[in-house]
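1. A structural model of the following input is requested.
(one chain, ligands or ions: 4)
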Amino acid sequence: MENCDLHTHSTASDGTLTPEQLVTEACRAGITTLALTDHDTTAGLKQAGAVAGKLDLRFIPGIEISTTWQGRNFHIVGLNIDTECPSLQSIIAEIGIIRERRAIEIGRSLDSYGIYHAHEGTLAIAGGATITRSHFARFLINEGYARNSRDAFKRFLVRNRPGDVRVTWPDLACSIKCIKDAGGTSVIAHPFSYNLTGSWMRKLLLEFKASGGDGIEVICGSSTPAEVRLASGFAKKYGLAGSTGSDFHGDNHIWCKLGAQRNLPPDITPVWDTW
Ligand code: AMP
Ligand code: MN
Ligand code: MN
Ligand code: MN
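-> Ligands and ions are numbered 1, 2, ... in the order given. The predicted model follows:
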């Protein structure tokens, strides 16, 4: 029986397992097809692929790209990508600069709130990984400002909190194009995490499809049966394939375990059909 997980993170971004550990754990958890999709980086893919090659596991190189559309931020997962593609690497470099600048701004912002050295402290925690708000959350926990990641986000890192710094990521269409240039399949990640109204969801799906987007996560780590039904309906209505991914970041996020992904509904075309 196939067991696919097409959305996971490693220490190359904000996951807690190294790419090697992730692949090993995934195999142990019974996953037969695994994609590593770190935020805006392909840095962990080579190591992960090398380990997968020694195990009985099909490895899919992937990425989760931060994009902005209509002033809102969305995550687009790129699957089965050619890591070396110049167009993909150029969007990665562009986002890397935005992330570095944002990290400095978050540090300044926390500094003026009386939380000092957050930028340096967070850089040390990230240890060369793509710098994300999750790393700031870890800094805030370590320094005793928050109890856990959820608490750190709620109190410091979301809208209108002391570490809130807004940025504009590359445009949705641009991220889809870069994934396509890299021979990959683009998928809307965790569609219900954006708090969209029905009409904005419709606009997003139409625009995504018109821009060459391929699929939607019908099943993600925390999706309820009602969400699976709704996402399946979107996939059929807008002619999108379906994907399944846990969004695993490490065992500290208990709501998305490795190897626990449900199968796609039988009437949904899987994204891996064309690979
Ligand atoms: P960034 O891309 O740097 O803005 O960071 C986004 C990452 O932060 C997401 O991929 C999640 O891993 C994490 N995240 C976002 N919101 C929360 C939250 N409320 N609680 C815990 N982690 C979160
Ligand atoms: Mn993350
Ligand atoms: Mn995401
Ligand atoms: Mn993710």
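
2. so where is the stretch 151-275 of the chain shaky, pLDDT-wise?
-> Applying pLDDT under 70 to the stretch 151-275 of the chain flags the ranges 253-255.

3. residues in it within reach of ligand 4, list them.
-> In this structure, the stretch 151-275 of the chain approaches ligand 4 at residues residue 247, judged by C-beta under 5 Å from the ion. (Each C-beta comes from the backbone N, C-alpha and C, glycine too.)

4. for this structure, what spans make up the helices?
-> 19-28, 45-54, 86-112, 118-126, 133-142, 149-152, 172-181, 198-210, 225-238 (DSSP state H).

5. Generate CSV for the ones you listed, with mean neighbour count and distance to residue 72 as supplementary columns.
-> As requested, the helices of the chain are exported to CSV (neighbours: other C-beta atoms under 10 Å; distance: least, C-beta to C-beta, whole Å):
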stretch, mean neighbour count, distance to residue 72
helix 19-28, 21, 29
helix 45-54, 17, 28
helix 86-112, 17, 16
helix 118-126, 19, 25
helix 133-142, 22, 16
helix 149-152, 17, 22
helix 172-181, 22, 10
helix 198-210, 15, 8
helix 225-238, 16, 17
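
6. export those helices to JSON lines and tack on distance to residue 218?
-> Compiled in JSON lines, the helices of the chain are given as follows (distance: least, C-beta to C-beta, whole Å):
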{"stretch": "helix 19-28", "distance to residue 218": "20"}
{"stretch": "helix 45-54", "distance to residue 218": "24"}
{"stretch": "helix 86-112", "distance to residue 218": "25"}
{"stretch": "helix 118-126", "distance to residue 218": "32"}
{"stretch": "helix 133-142", "distance to residue 218": "25"}
{"stretch": "helix 149-152", "distance to residue 218": "25"}
{"stretch": "helix 172-181", "distance to residue 218": "18"}
{"stretch": "helix 198-210", "distance to residue 218": "13"}
{"stretch": "helix 225-238", "distance to residue 218": "4"}
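
7. For ligand 3, find the nearest of these.
-> helix 133-142 (10.6 Å; C-beta to the ion).

8. quick one: the closest one near ligand 1?
-> Yes - using C-beta under 6 Å from any ligand atom, helix 133-142 comes into contact with ligand 1 via 133-134.

9. OK, contacts around residue 143?
-> Residue 143 sits next to 115, 121 when contact means C-beta atoms under 8 Å, 6 or more residues apart in numbering.

10. residue of the stretch 151-275 of the chain with the smallest distance to ligand 4?
-> Nearest residue of the stretch 151-275 of the chain to ligand 4, counting by C-beta to the ion: residue 247, 4.3 Å away.

11. residue contacts, that residue?
-> Residue 247 makes contact with 7-9, 189-190, 220-222, 256 under the criterion C-beta under 8 Å, 6+ apart.

12. Please name the nearest non-neighbouring residue to it.
-> Distances taken as C-beta to C-beta, 6 or more residues apart in numbering put residue 221 closest to residue 247, at 4.4 Å, once the chain neighbours are dropped.

13. before we move on, what about residue 274?
-> Spatial nearest neighbour of residue 274, chain neighbours left out: residue 185 (7.1 Å); criterion: C-beta to C-beta, 6+ apart.

14. For the one you found, grab the count of nearby residues.
-> The local packing count at residue 185 equals 25, with neighbours defined by other C-beta atoms under 10 Å.

15. Same question for residue 195.
-> Residue 195: 7 neighbours (other C-beta under 10 Å).

16. among the helices of the chain, which is nearest residue 159?
-> In terms of C-beta to C-beta, the element of these nearest to residue 159 is helix 133-142, at 11.9 Å.

17. on contacts alone, who are the packing partners of that closest one?
-> If you count contacts as 3 or more C-beta pairs under 8 Å, 6 or more residues apart in numbering; DSSP states H and E, helix 133-142 packs onto helix 86-112, helix 118-126, helix 149-152.

18. Centre of the chain to the second one, how far?
-> What separates the centre of helix 118-126 from the centre of its chain is 21 Å, taken as C-alpha atoms, centre = their mean, to the nearest Å.
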